[in-house]
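S.K.: Generate a structure from the sequence data that follows.
(2 chains)
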Amino acid sequence: MANEAVKYVWEGAIPLQIHLHKSDVASHPAPPPALVLAPRIGYLPLLIPHIKPYFKDSLPPGEDSIWFDYKGVPLKWYIPTGVLFDLLCAEPERPWNLTIHFRGYPSNILIPCEGEDFVKWNFVNSLKEAQYIINGNCKNVMNMSQSDQEDLWTSVMNGDLDAYTKLSPKLKMATIEDDFSRKASLSSPQSRQGATEMDVAGQVKTARVPVRLYVRSINQDFENLEDVPEIDTWDDISYLNRPFEFLREEGKCFTLRNAIESLLPEFIGDKAQTSGEERSKDDDTEEADGLLREMGEIKLARIQGIEMKLEIPFSWVVNNLMNPEFYLHISVLVKAPQR
Amino acid sequence: MNSGREVSDGRLTVEGFSVAARAFADKWKIHNQSFPPWSWVPLINRTLHLSNQQEEGYLSLEEILILSSLEESPEDESLNVATDCLEKEESVDHTILNQENEAHYYDFHIVYSSSYKVPVLYFRGYCSGGQPLSLDVIKKDLPSCSVSLLHESKWTFITQEEHPYLNRPWFKLHPCGTEDWIKLLSQSSISTGCQMPVDLYLVSWFSVVGQVVGLRIPLEMLN
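M.R.: This is a model prediction of the structure:
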């Protein structure tokens, strides 16, 4: 039984206005842009069958190799559409104006995508990796029958949460729990089932949560999101594919802030202060003061298009806002520490 | 902080990887002098201005020259490496390159996967102009058993993915299963029981993984 938050996540979509790149226009006049509603949890190549009919009469002869860009930045097709939007548009742009290309695939920058199979296998490999992180092995995904795997992928492609909910128990993913989620599940109608899962999950001391962190760092402070400079290249973004690890302890509850700070340890939070203290022992007091004063700062964390309050319990965030492949994608805007 | 002198479950911690990597690079330098040495590339995060307090990084072996020819040489399953030529300029000798031979260069990176807690081999090929080689072309340089495995498991053996740090497409040897066969290797070492000393982890790992891409290591390295 999927809860309300998960329904919202699956129904989330971004209106796109897709322009044909001028070098691919072989007709006169140039075709108007295509308007498409893109599921947040989906991937751009899956939209191609909906977009191509708009432009097929305008294309030059030859084979298609389709890719998208936003303000000149080629879009990584294996990142869910919603994450791309949250990351690249500091100030959300609606509709989101993208350019589609049918020629000149930048294969020195983008890995190839020659059809739905590529997107599916990217999904399955991410699912395996997530399962490995959560369960310690990926045998449930590997042992899934071909048709079940196919049906699971189809449910994601079609945004069919009911079908997905029927199939995902076959993955037997351990639940991600800390004190907060345990108490929450005990008070819910399904508490009996929650207790059983707790027994099993309680045996695992160290829990790991699949997280993909996309970090944009800027040097100056800003008033509005519109003032945030645009991204020129992917080198402006730090990508961290790293699980959040925590010890299950009685009474311990993690916030989203705890999770992000533990993945970026030298950057913000306690560790930065510790290194400041150590330096003052070396008589470098000026620099130590500087460190304490000018630490980096999380300005914004977006998940599924929501600007998150950092004090929200992390287990709630994971269980409700993760993507269908069991990864939590977090777009973070940070102010860099001043040196 | 436990850096773990021994590995018993086939997996490495990030600190263990640093230790194992330096041990591997040192042994390679001593025993494998026909190849250039591996270098350690620290992860200095320029965007986030992170200092590298955790000493994270990866191993890099680059510009390995393979003179490929259109003729098959099934007896020799190692890469046809131009081992005497360490300088790129010297090795592109125009008397060697003719219509049938092409100079292919390969870069190899050994990167730690925090998801799978094992090392992962990334590689890419390119020709002297720098143009990347496609998998079809690279297949001709790989040992034949790797090629047949590639045909069987197109999506799960060698995949083309983005390099975790360099924002470019590389080829990757899928890490699923690594911990299992490392455990098997540990068990076959009677002297250490079922434990593998961290120092030897990458050497043992590479003795298997290297063969997929045709890189052999001398037996002395395993001591």
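S.K.: Up against chain B, what does the stretch 201-339 of chain A have?
M.R.: A:210, A:215, A:217, A:233-239, A:241-243, A:264-267, A:275, A:296, A:334, A:336-337, A:339 (Cβ under 8 Å from any Cβ of the partner chain). (Each C-beta comes from the backbone N, C-alpha and C, glycine too.)
S.K.: Let me see the confidence value for the closest residue to residue A:303 other than its chain neighbours.
M.R.: Nearest residue to residue A:303 in three dimensions, chain neighbours excluded: residue A:321, at 4.9 Å (Cβ to Cβ, 6 or more residues apart in numbering or on different chains). pLDDT, the model's per-residue confidence, is 96 for residue A:321.
S.K.: Please report the distance of residue A:321 from residue A:257.
M.R.: Going from residue A:321 to residue A:257 by Cβ to Cβ, to the nearest Å gives 15 Å.
S.K.: quick one, which of the two is more surrounded?
M.R.: Set residue A:321 next to residue A:257 and count neighbours by other Cβ atoms under 10 Å in any protein chain shown: residue A:321 wins out with 21 against 18.
S.K.: doesn't residue A:8 make contact with the more buried one?
M.R.: No - if you go by Cβ atoms under 8 Å, residue A:321 and residue A:8 don't touch, sitting 9.4 Å apart.
S.K.: got any residues that touch both of those two?
M.R.: residue A:304 (Cβ atoms under 8 Å, 6 or more residues apart in numbering or on different chains).
S.K.: can you map out the helices along chain B?
M.R.: Assigned by DSSP state H, chain B shows helices spanning B:14-31, B:88-91, B:135-141, B:144-152, B:178-187, B:198-212.
S.K.: rank those by pLDDT, which is bottom?
M.R.: helix B:88-91 (a mean of 43).
S.K.: Now residue A:41: phi and psi?
M.R.: phi -90, psi 0 (degrees, to the nearest 10).
S.K.: Tell me how many other residues surround it.
M.R.: 25.
S.K.: And for residue A:56?
M.R.: 11.
S.K.: before we move on, what about residue A:170?
M.R.: So residue A:170, with other Cβ under 10 Å, has 16 neighbours.
S.K.: Extract the residue ranges of the chain that are flagged as low pLDDT.
M.R.: By default, I'm working from chain A. Along chain A, segments meeting pLDDT under 70 span A:1-2, A:179-180, A:184-204, A:266-295, A:338-339.
S.K.: Let me rephrase: I mean chain B.
M.R.: B:1-5, B:8, B:45-54, B:68-101, B:153-156, B:188-194, B:223.
S.K.: Do a quick rundown of the strands in it.
M.R.: In chain B, the strands defined using DSSP state E lie at B:6-7, B:39-42, B:57-69, B:101-113, B:118-127, B:158-162, B:169-173, B:196-197.
S.K.: Please convert the ones you listed to CSV, extending it with distance to residue A:169 and mean neighbour count.
M.R.: Shown next, in CSV, are the strands of chain B (distance: least, Cβ to Cβ, whole Å; neighbours: other Cβ atoms under 10 Å in any protein chain shown):
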stretch, distance to residue A:169, mean neighbour count
strand B:6-7, 34, 20
strand B:39-42, 43, 13
strand B:57-69, 38, 18
strand B:101-113, 27, 20
strand B:118-127, 29, 21
strand B:158-162, 28, 19
strand B:169-173, 31, 20
strand B:196-197, 37, 22
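S.K.: Between those strands, which one is closest to residue A:177.
M.R.: strand B:101-113 (24.8 Å; Cβ to Cβ).
S.K.: Is that closest one positioned near chain A?
M.R.: No - Strand B:101-113 stays clear of chain A (Cβ under 8 Å from any Cβ), getting no nearer than 8.6 Å.
S.K.: Against residue A:146, how distant is the residue nearest to residue A:303?
M.R.: For residue A:321, the distance to residue A:146 - Cβ to Cβ - is 30 Å.
S.K.: now swap in residue A:93 and tell me
M.R.: 40 Å.
S.K.: Please name the residues that touch residue B:138.
M.R.: Taking Cβ under 8 Å, 6+ apart, one finds B:104, B:125, B:171 in contact with residue B:138.
S.K.: dump the residue contacts of the last one.
M.R.: What it means is residue B:171. Counted by Cβ under 8 Å, 6+ apart, residue B:171 has contacts B:122, B:123, B:124, B:135, B:138, B:158, B:159, B:160, B:161.
S.K.: switch to 6 Å and redo it
M.R.: B:123, B:158, B:160 (Cβ atoms under 6 Å, 6 or more residues apart in numbering or on different chains).
S.K.: Measure how buried the nearest residue to residue A:157 once chain neighbours are set aside is and give me the count.
M.R.: Spatial nearest neighbour of residue A:157, excluding adjacent residues (Cβ to Cβ, 6+ apart): residue A:46 at 6.0 Å. Residues near residue A:46, counting by other Cβ under 10 Å, number 18.
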